[in-house]
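**Student:** when you get a sec, could you give me coordinates for this:
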Amino acid sequence: MFQIQTFLWAFLGGILPALLWLSFWLREDTDDNREPKKLIAGTFIAGLIAVVIALFLERGVGLFVTSGSTIAIILWAIIEEATKFGAAWFVALRTRFNDEPVDSMVYLVTAALGFAALENAFFLIGPFGNGEFTRGFITGNLRFIGSSLLHVISSGVIGIFIAYSFCELPSRKWMIAGLGLILAIVLHGFFNFFILRGDNNLFTIFGFVWVGVVLLILFFERVKRINRTCVTSI
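**Tutor:** Model (predicted):
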């Protein structure tokens, strides 16, 4: 019973902050053609499921590569970015509702927050299970302003690339999306590298993350303008 309680508290500790962030980012989709709530919910849940897939694959990597090594960090970043993108694509990006440039950013950010929610819950199980609620609270807050936003930024980068290729031919869209995925992996890899290095540069790292958040908000606004000019020109 205690284990179930621990998991429930950890799950709430992961899910509630993610939903708070989701409500913030969904406000960026302010036009009259908002995304269906069921599709947003489905994409968020797919992001949750992606964590399980990523965890399984990362465990497989651990059988062949030393945990925390540079190659492991790169492979972890590839796995997490690919599974988040796969979640968004499987549920939303390939549907008829992905009919405006900004939609790709909305769905990818949603999948990223679903991913961050369950990932954060897993990190909270240890402290909560040991009765270390203060440590759990600190861990949750650090992930709320750090790794959760890193997931949003890296997935948002892919969304930006897809948005700017909205009027391109399908083959070119996939190429541009691939470039976005590569950049997302690089950003994610650098974040993991500096966090795992543990050289007390947390404030600097989080500072860069928040700069990324501001840039992502600015790109949301730019993509909304693409939305009006591109759609009316085809």
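**Student:** and the longest helix for this structure?
**Tutor:** helix 202-232 (DSSP state H).
**Student:** please point out which parts of it sit buried.
**Tutor:** Residues of helix 202-232 classed as buried: 205-206, 208-209, 212-213, 216, 219-220, 223-224, 226-227, 230 (neighbour count, 16 or more other C-beta atoms under 10 Å). In short, each C-beta sits where N, CA and C put it, glycine included.
**Student:** and for stretch 81-96?
**Tutor:** Across stretch 81-96, burial judged by 16+ other C-beta under 10 Å covers 81-93, 95.
**Student:** that stretch - what's its average pLDDT?
**Tutor:** What stretch 81-96 shows for mean pLDDT is 96.
**Student:** where does the prediction get shaky in this structure?
**Tutor:** Residues of the chain meeting the criterion pLDDT under 70: 1-2, 7, 9, 30-32, 126-146, 197-202, 227-234.
**Student:** how about the helices in it?
**Tutor:** 2-26, 37-62, 70-88, 101-129, 133-145, 147-164, 170-197, 202-232.
**Student:** residue 54 contacts residue 80, correct?
**Tutor:** Yes: shown here, residue 54 and residue 80 form a contact pair, counting by C-beta atoms under 8 Å, at 5.2 Å.
**Student:** of these two, who's got more company?
**Tutor:** residue 80 (29 against 22; other C-beta atoms under 10 Å).
**Student:** you'd agree the more buried one is up against residue 188?
**Tutor:** Yes: the pair residue 80 / residue 188 is scored as a contact, 6.5 Å apart, by C-beta under 8 Å.
**Student:** one step back: turn the buried residues of helix 202-232 into a markdown table, columns for distance to residue 106.
**Tutor:** Shown next, in a markdown table, are the buried residues of helix 202-232 (distance: C-beta to C-beta, whole Å):
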| residue | distance to residue 106 |
| --- | --- |
| 205 | 26 |
| 206 | 25 |
| 208 | 24 |
| 209 | 20 |
| 212 | 17 |
| 213 | 16 |
| 216 | 12 |
| 219 | 12 |
| 220 | 9 |
| 223 | 10 |
| 224 | 11 |
| 226 | 14 |
| 227 | 11 |
| 230 | 16 |
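**Student:** what number of residues lie near residue 194?
**Tutor:** For residue 194, the neighbour count with other C-beta under 10 Å is 16.
**Student:** from residue 107, how far off is it?
**Tutor:** Per C-beta to C-beta, to the nearest Å, residue 194 is found 28 Å from residue 107.
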